[in-house]
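In: show me the folded form of this:
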Amino acid sequence: MIALKEIQTFGKFSISIPIALTAYAGYVVFDERLSWEGLVASLGIFFLSAGASAINQLQEIKLDAQMDRTRKRPLPTGIISKSTGIAIILSFVLAGTLCLYSFGWPAVIWGFIGLFWYNIIYTPMKTRSAFSVFPGAIVGAIPPIAGWVAAGGSILDARIHFLAFFFFLGQMPHFWLLVLKYKDQYKKAGFPVITDVLTKKQVIRINLIWFLATYISALFLPAFHLVGHRGIIWPLTISSVIMMAWSLYITIKANKDGHSSHLRKMFIYFNSFYLWVMILIYVDNI
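Out: Coordinates of the predicted model:
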């Protein structure tokens, strides 16, 4: 009997949940209300994301076994066999497909575009290029589109393009902060990493540009009618400006003394900002 904890690790539920929340953001922005239907659509994205994550672990089982952060995953340890892993993957994908099918084939197709891009485009590139994060970041833009389409939105609408762009921006700093933390493990496993071509300080400074671009783009959410109430716009504006100032401050400190604690704060605060914005989008549609 496989423990639920192992299935959670195999499907990377800790990542699949926030991905599902971005799909829900796309849904409620078009539907202009919080609904159970939106939760079903985001549940579909959750299962497909879990399926993609599990496929990724199947693809990288030998590499995962070489890194401390991944060697205890269910496949390298043998807790889940390959055949059982494939059965779990099929269950994830089937559940996601059924959830999204209730919203029509376009929603299913967008869900599978995300899975295809992650496992067929991005994953093989990780072992070939230190810049694979650029095509990989596209994966973060797809779930809100899938949610939007499930709600009945047109893919030609500028609003969903901007919302997808907002989530796309957040992928780069997220990945590069992870690389800075685990670069030795990645190199040991044979992954090319960004620090092969840039110094740590250069990566931190480039990350600042992505941070600022993210916070500035958040200021434009009202202009694209992705949030509208004054009681939402003000907290969004103030928090974005505060995060810009804080990012500048912590980047200077990180470049000066190089403490890893600064990078950890960047990672936590930056990802928390995305959660904050999604909460504001949800509240705006109550």
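In: what residues are up against V227?
Out: Residues near V227 by C-beta atoms under 8 Å, 6 or more residues apart in numbering: L221, I233, L236, L280, I281, D284. C-beta here means a position set from N, CA and C on the backbone, and glycine is covered the same way.
In: of all those, which comes closest to A52?
Out: Distances from A52 to those, taken as C-beta to C-beta, are shortest for I281 (23.9 Å).
In: what about that closest one, neighbour count?
Out: 23 (other C-beta atoms under 10 Å).
In: what does A245 give?
Out: For A245, the count of nearby residues is 10 (other C-beta under 10 Å).
In: how close does it sit to Y215?
Out: For A245, the distance to Y215 equals 10 Å [C-beta to C-beta, to the nearest Å].
In: kindly report the same for I250.
Out: Taking C-beta to C-beta as the measure, I250 and Y215 are separated by 13 Å.
In: so if I had to pick from those two, which one is more boxed in?
Out: Ranked by neighbour count (other C-beta under 10 Å), I250 and Y215 place Y215 first, with 22 against 18.
In: need the CA coordinates for the helix or strand bottoming out on mean pLDDT in the chain. CSV is fine.
Out: In the chain, the helix or strand scored least confidently by mean pLDDT, DSSP states H and E is helix 171-189, which has a mean of 85. The C-alpha coordinates for helix 171-189 follow below in CSV (Å, rounded to 0.1, in the frame of the first residue of the first chain):
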residue,chain,number,x,y,z
GLN,A,171,8.9,31.8,-13.5
MET,A,172,12.4,33.0,-14.2
PRO,A,173,13.3,34.4,-10.7
HIS,A,174,11.6,31.3,-9.2
PHE,A,175,13.8,28.9,-11.2
TRP,A,176,17.1,30.8,-10.9
LEU,A,177,16.8,31.2,-7.1
LEU,A,178,16.4,27.5,-6.9
VAL,A,179,19.5,27.0,-9.1
LEU,A,180,21.5,29.4,-6.9
LYS,A,181,20.5,27.3,-3.9
TYR,A,182,21.1,23.8,-5.4
LYS,A,183,23.6,24.5,-8.2
ASP,A,184,26.2,22.0,-6.8
GLN,A,185,23.6,19.3,-6.8
TYR,A,186,22.4,20.2,-10.3
LYS,A,187,26.0,20.1,-11.6
LYS,A,188,26.6,16.8,-9.9
ALA,A,189,23.7,15.3,-11.8
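In: chain center to it, what's the gap?
Out: Taking C-alpha atoms, centre = their mean, to the nearest Å, one finds the center of helix 171-189 at 15 Å from the center of the full chain.
In: please enumerate the strands of the protein.
Out: Ranges of strands in the chain, per DSSP state E: none exist.
In: show me where pLDDT drops low in it?
Out: 258 (pLDDT under 70).
In: how far does stretch 86-93 sit from the chain's center?
Out: Its chain's C-alpha centre and that of stretch 86-93 lie 21 Å apart, by C-alpha atoms, centre = their mean.
In: numbering from 164 from now on, please.
Out: Shifting the count to begin at 164 puts that one at stretch 249-256.
In: which strands or helices does the lengthiest helix in the chain pack on?
Out: If you go by DSSP state H, the chain has its longest helix at helix 393-420. Helix 393-420 makes packing contacts with helix 363-382, helix 423-447 when contacts are defined by 3 or more C-beta pairs under 8 Å, 6 or more residues apart in numbering; DSSP states H and E.
In: now for the first one, which elements pack on it?
Out: Spelled out, it's helix 363-382. Under the contact definition 3+ C-beta pairs under 8 Å, 6+ apart, helix 363-382 sits against helix 321-332, helix 334-352, helix 393-420, helix 423-447.
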